[in-house]
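give me a 3D structure for the following:
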Amino acid sequence: MPSNIENYKLFPNQTNVEFVKVVSRKKIIVNDWERGAGATGSSGTGAAAAVCASVITGQADRQCQVVFKTGSLYISWDQKTNMIKLTGPVAYVADGYFDLI
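Reported below is the predicted structural model:
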């Protein structure tokens, strides 16, 4: 299903998809699908977007926990500066090299 949305004709360059369940004003659950990668288990930009959409629709507060299958992030969206701050654990997962040739 998410791949059908990612590749829908209205998105010629594909798109990311976030499925959001508002648990309370302070907590939402998000499942994400990133274009070209599929289900990734978490996404910082997806978390920020999910909170912004939930705030704009009146369903959540500007400081909110975002729960993914892989863990949680905390998002704070400052009303005065419009800055979004993501807080949460980090872990080293890989390294590598990429040739730009």
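
contacts, neighbours, all on C-alpha from now
Fine.

any weak-confidence spans in the chain?
1-2 (pLDDT under 70).

any chance you could map the helices in it?
2-6, 44-56 (DSSP state H).

where exactly do the strands run in the protein?
Secondary structure of the chain, counting by DSSP state E: strands at 17-24, 27-33, 63-68, 71-77, 84-87.

include distance to residue 97 and mean neighbour count when you put those strands into JSON lines, please.
Output for the strands of the chain, formatted as JSON lines (distance: least, CA to CA, whole Å; neighbours: other CA atoms under 10 Å):
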{"stretch": "strand 17-24", "distance to residue 97": "28", "mean neighbour count": "16"}
{"stretch": "strand 27-33", "distance to residue 97": "25", "mean neighbour count": "21"}
{"stretch": "strand 63-68", "distance to residue 97": "28", "mean neighbour count": "22"}
{"stretch": "strand 71-77", "distance to residue 97": "27", "mean neighbour count": "19"}
{"stretch": "strand 84-87", "distance to residue 97": "27", "mean neighbour count": "14"}
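
which stretch among those strands comes nearest residue 93?
When these are compared for distance to residue 93 using CA to CA, the nearest one is strand 71-77, at 14.5 Å.

now residue 20: how far from residue 29?
6 Å (CA to CA, to the nearest Å).

can you check residue 4 too?
Going from residue 4 to residue 29 by CA to CA gives 22 Å.

do the same with residue 70
Residue 70 is 11 Å from residue 29, by CA to CA.

again with residue 96
31 Å.

swap in residue 95?
29 Å.

cool, residue 40 as well?
From residue 40 to residue 29 the distance is 14 Å (CA to CA).
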